[in-house]
Structure formats: C-alpha cells, structure tokens
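Visitor: just coords:
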C-alpha cells in the first residue's frame, strides 16, 4: 500500500493482479517454469498508475501473483478436485470462475496450462487465504472507509490489464475496457469522465465488453452509501511485448494517460448523493 502524505482526491486505486513475487515453495509445487507461470500476471499495472500517491490518492497492490492466490475472487471459490481432502462446507465450488480453472486458488494460468504437479494440502489453501487474501481486503476496506470519511464519497478504481487476444470481434482494436457492472457499480459521471479522458488518447474504449467488472468491483459497490467502483482493463499490447514481458517505449506514454485519468476521476463528483435514491 502506498499512501500520499495528504490525500486530496476521493479516489482509491487497487492493483490485485500485478504482483510478481513468486514464493520458492510455490514454484516448487508448479509444473511450469518461471516464464510460463507469469502468464496470468497483470504486468506493470501498478507502475502504470504509480503517479496516484503523488497526485493525492492512495494505491494498494498485491505483491503476490494471482496464480498463487487471486484476491479478485470470493475468499473461498475453490475447486475440490485440486485438494487432497474435503474442503470446508462454506466454499463456492460451482462458480463460473472455478469451472474455468480460475478460482481463488487457480488451477491454470491464462493459457490453460495446469499449474500444479499434484493435489494441494487443504491447509495450503487456508494459509494463503488467511495470510494474503484477508489482509489485502482488510487494508482495502480501510482505505475506502477513510476516504468516505474524508470526502463523503469514494471511487475505487480497480486496475487490470488484458491480453490483446482477449479483445476480438467488434472490439478488436479496443485499448481500454471500462467495467461498471452495466451501470450498477458507480455513478455514471465516473464512467463518462473516464471514457472522455481515454478517448482523448486516440485509442478506442469499450464499456463492459468483454469485462464488466470482477469481484472487487461488485463486492465493494454501494453507490447509495457513497462507495463507487469502476474497473479498467488496459490492452497489454499498448505498453509491452506480450511474448517476452518486456516494456516497450510507449509504456511511458500510457502511464501519462493514466495520470490524466487519475486526475480526471479524482476531480469528478457523483450526481447521486449519500442517502438519495
């Protein structure tokens, strides 16, 4: 977590998937090499938004990778077939994310390659949830609550990247996707402001297709209580080589665009006031 000396914007940024510390014990469990296992990573997203604290908004980043534990999921979206014994009764084993192999503890990386050599001990899942998942969300909840207390409202911007192959069909040339749960997770002012700001970059921006917002966007959204959430996905081809994971010179340009976005959203005001409805 990086906080400004003084928070002057009613904005919190989160990067749940850009963590790049792969614990040695985790790598030893995996059948993938150190290049292959990174395919689910939201490369450099926290760096693209690194201006946030300087501009007056806090940012939280998961330093651990989503292949290890995914904090943009319910805490117990788990696949029973991945573990060596019965799991607690409160797990969600039927979600579409578990079915796709991308639960809280993922079975696969982005290219559908299996992560693990063998089934995992149940205690492994519990330890990751207790040591990584819950502290991340406790810190995020506090940032949101503190921001609402200061300003009367908070916009949580959940920051992600998408592989260029994920954008197809009519959205083939889309550079950014804004997800607001089809208008449900934040005041439209925020989505409109983000869309206008990104349009000035010259790149195309889509809304809610193919990404309408994940767990974080849905879970924290309470517009009537002043808590608004918006997800952004950035096409990785804009700023990096997707095969080598190396940044390209345009990285700094995209980071500049994200700085403009932070300022625009931070100075936006929701039309819906707390308690109205």
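Guide: Sure thing, it's come through. Note that this is a predicted model, so its numbers are computed, not measured.
Visitor: use CA for all of it now, contacts and neighbours both
Guide: Noted.
Visitor: quick one: residue 265 and residue 190 touch, right?
Guide: Yes: the criterion here is Cα atoms under 8 Å, and residue 265 meets it with residue 190 at 6.4 Å.
Visitor: how about residue 154, phi and psi?
Guide: With angles defined as degrees, to the nearest 10, residue 154 sits at phi -150, psi 140.
Visitor: quick one: residues contacting it.
Guide: Residue 154 makes contact with 10, 11, 12, 144, 147, 148, 226, 227, 228, according to Cα atoms under 8 Å, 6 or more residues apart in numbering.
Visitor: now the strands for the stretch 151-277 of the chain?
Guide: Along the stretch 151-277 of the chain, counting by DSSP state E, counting those that start in this stretch, strands occupy 154-162, 174-179, 204-207, 227-235.
Visitor: let me have those strands in JSON lines, adding distance to residue 63 as columns.
Guide: Listed next are the strands of the stretch 151-277 of the chain as JSON lines, based on distance: least, Cα to Cα, whole Å:
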{"stretch": "strand 154-162", "distance to residue 63": "14"}
{"stretch": "strand 174-179", "distance to residue 63": "23"}
{"stretch": "strand 204-207", "distance to residue 63": "28"}
{"stretch": "strand 227-235", "distance to residue 63": "19"}
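Visitor: show me the shaky parts of the stretch 151-277 of the chain.
Guide: Counting by pLDDT under 70, the stretch 151-277 of the chain contains low-confidence residues at 168-172, 272-277.
Visitor: how about the helices in it?
Guide: Along the stretch 151-277 of the chain, counting by DSSP state H, counting those that start in this stretch, helices occupy 188-199, 215-220, 251-266.
Visitor: go through the strands of the stretch 151-277 of the chain and name the closest to residue 124.
Guide: Closest of the strands of the stretch 151-277 of the chain to residue 124 is strand 154-162, at 26.4 Å (criterion: Cα to Cα).
Visitor: and that closest one with helix 251-266, angle?
Guide: Interaxial angle of strand 154-162 relative to helix 251-266 (axes from the mean of the first three to the mean of the last three Cα atoms, to 10 degrees): 150 degrees.
Visitor: make 32 the starting number, not 1.
Guide: Sounds good: first residue 32 from here, last item strand 185-193.
Visitor: if you count neighbours, what's buried in strand 185-193?
Guide: 185, 186, 187, 188, 189, 190, 191, 192, 193 (16 or more other Cα atoms under 10 Å).
Visitor: re earlier: who wins on neighbours among the contacts of residue 185?
Guide: residue 42 (29 neighbours; other Cα atoms under 10 Å).
Visitor: what is the burial count for residue 59?
Guide: Neighbours of residue 59 using other Cα under 10 Å come to 12.
Visitor: still on that earlier bit, okay, residue 296 and residue 221: which has more neighbours?
Guide: Between residue 296 and residue 221, residue 221 has the larger neighbour count (other Cα under 10 Å), namely 24 against 21.
Visitor: hmm, residue 299 and that one touching each other?
Guide: Yes: applying Cα under 8 Å, one finds residue 221 in contact with residue 299, separated by 6.6 Å.
Visitor: closest to residue 35 out of the helices of the stretch 182-308 of the chain?
Guide: That would be helix 282-297 among the helices of the stretch 182-308 of the chain, by Cα to Cα, at 13.6 Å.
Visitor: can you list contacts of the closest one?
Guide: So helix 282-297 is contacted by 40-42, 78-80, 82-83, 86, 221, 224-225, 228-229, 232, 269-271 (Cα under 8 Å, 6+ apart).
Visitor: what strand or helix carries the residue nearest to residue 122 when sequence neighbours are not counted?
Guide: Nearest residue to residue 122, sequence neighbours excluded (Cα to Cα, 6 or more residues apart in numbering): residue 107, at 4.8 Å. Counting by DSSP states H and E, no helix or strand carries residue 107.
Visitor: ramachandran angles for residue 107?
Guide: phi -130, psi 50.
Visitor: cool, and residue 90?
Guide: phi -140, psi 140.
Visitor: ok, it to residue 109 distance?
Guide: Residue 90 sits 28 Å away from residue 109, going by Cα to Cα, to the nearest Å.
Visitor: likewise for residue 64?
Guide: As judged by Cα to Cα, residue 64 and residue 109 stand 24 Å apart.
Visitor: who has more neighbours, the two?
Guide: Using other Cα under 10 Å, the more surrounded residue of residue 64 and residue 109 is residue 109, with 28 against 11.
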